[in-house]
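Enquirer: All I have is the shape, not the residue letters:
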């Protein structure tokens, strides 16, 4: 195992993502070594799901599921809660939680506890280093799509493609745009892949903050400036592409939260 692929240290007690809850009953018998299935194939197609950010966890639920019908599944984990990040934070690790279904001695399928795979780091390099990207996604595994940087959509690109302002997630090695993010209205953004296909819709509930508002009231944290976020997948995606989508989604939310904190509220002068 390479240094980049080593798992992160376990989070402190009480801060773990919620465990996966299989719908079928489980057996007390120890599982055999035969794997009935897993979620660690980077080319596996992931069917459309709804993702939500809750603390350090990124949870998944089935589209159209009735509230309370089934507990959400933790699919990814952050080393720090996104809502707690500010302009002075520099790096946060993103792990994909891989599940394996094993067959017990009596033939009953059992879901083993997930193992975290460190796939990306969300990074905000210090301005003094003159970084190419103020916010970026750095690959930590050979199985990922690669490192990506977030940039604001240029005015020329907006006019050429008749888009509203937004963001682009471009590959750091060659500048190829993997995702375009287009704001549809105040609370919705479209995520498009390199072919222009809408792969996901991001929704923000402005009535519910992403995190608790701190006692200082400075507004310097993401959770104080960004509402509760959801990502609704519109099409099946290879797991490798979904990993990148989740990563740049978190990077974009971090960036916008910080920008909102320091956005001028108006000017009064002579």
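Expert: That came in fine, so what should we check first? Predicted model only: the values in this text are computed from it and were never measured.

Enquirer: contacts and neighbour counts: CA atoms only from here.
Expert: Fine.

Enquirer: who touches the residue lying closest to residue 79 once chain neighbours are set aside in this structure?
Expert: The shortest distance from residue 79 to any non-neighbouring residue, by C-alpha to C-alpha, 6 or more residues apart in numbering, is to residue 93 (5.2 Å). Applying C-alpha atoms under 8 Å, 6 or more residues apart in numbering, we find residue 93 in contact with 78-80, 118, 120-122.

Enquirer: I'd like the mean pLDDT over stretch 196-212, please.
Expert: Average pLDDT, stretch 196-212: 81.

Enquirer: Point out where the stretch 51-200 of the chain drops to low pLDDT.
Expert: Along the stretch 51-200 of the chain, the parts satisfying pLDDT under 70 run over 65-69, 154-165.

Enquirer: which residue ranges form the strands in it?
Expert: Per DSSP state E, counting those that start in this stretch, the stretch 51-200 of the chain carries strands over the ranges 57-61, 73-78, 91-98, 100-104, 109-111, 115-123, 136-139, 148-152, 166-171, 177-185, 188-192, 198-209.

Enquirer: May I see the contacts of residue 93 arranged in JSON lines, with neighbour count and distance to residue 202 as well?
Expert: Shown next, in JSON lines, are the contacts of residue 93 (neighbours: other C-alpha atoms under 10 Å; distance: C-alpha to C-alpha, whole Å):
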{"residue": "78", "neighbour count": "25", "distance to residue 202": "19"}
{"residue": "79", "neighbour count": "17", "distance to residue 202": "22"}
{"residue": "80", "neighbour count": "17", "distance to residue 202": "21"}
{"residue": "118", "neighbour count": "22", "distance to residue 202": "24"}
{"residue": "120", "neighbour count": "29", "distance to residue 202": "20"}
{"residue": "121", "neighbour count": "22", "distance to residue 202": "21"}
{"residue": "122", "neighbour count": "24", "distance to residue 202": "19"}
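
Enquirer: List just the nearest of those residues to residue 145.
Expert: Set against residue 145, the nearest of these by C-alpha to C-alpha is residue 120 (10.0 Å).

Enquirer: surely the closest one meets residue 141?
Expert: Yes: look at residue 120 against residue 141 with C-alpha atoms under 8 Å: they come within range, at 7.4 Å.

Enquirer: re earlier: quick one: the strands of the stretch 51-200 of the chain as TSV, columns for distance to residue 246 too.
Expert: Listed next are those as TSV, based on distance: least, C-alpha to C-alpha, whole Å:
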stretch	distance to residue 246
strand 57-61	9
strand 73-78	9
strand 91-98	9
strand 100-104	21
strand 109-111	24
strand 115-123	10
strand 136-139	10
strand 148-152	12
strand 166-171	12
strand 177-185	11
strand 188-192	11
strand 198-209	11
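
Enquirer: Identify whichever of the ones you listed lies nearest to residue 239.
Expert: Closest approach to residue 239 among the strands of the stretch 51-200 of the chain (C-alpha to C-alpha): strand 91-98, 9.9 Å.

Enquirer: ok, back up a step: bridged to the residue nearest to residue 79, which residues?
Expert: residue 121 (DSSP bridges).

Enquirer: Relative to residue 117, how far out is it?
Expert: 10 Å (C-alpha to C-alpha, to the nearest Å).

Enquirer: now swap in residue 222 and tell me
Expert: For residue 222, the distance to residue 117 equals 25 Å [C-alpha to C-alpha].

Enquirer: When the two are compared, which one has more neighbours?
Expert: Between residue 222 and residue 117, counted using other C-alpha atoms under 10 Å, residue 222 has the larger neighbour count: 29 against 21.

Enquirer: how deep is the residue nearest to residue 152 when sequence neighbours are not counted tucked in, by neighbour count?
Expert: With C-alpha to C-alpha, 6+ apart as the criterion, residue 152 has its nearest non-adjacent residue at 4.4 Å, and that residue is residue 167. Close neighbours of residue 167, defined as other C-alpha under 10 Å, add up to 18.

Enquirer: Next one: residue 167 relative to residue 256, how far apart?
Expert: Distance of residue 167 to residue 256, given as C-alpha to C-alpha: 10 Å.

Enquirer: related to what we said a few turns ago, residues shared between the contacts of residue 93 and residue 117?
Expert: Listed contacts common to residue 93 and residue 117 are nil; contacts here mean C-alpha under 8 Å, 6+ apart.
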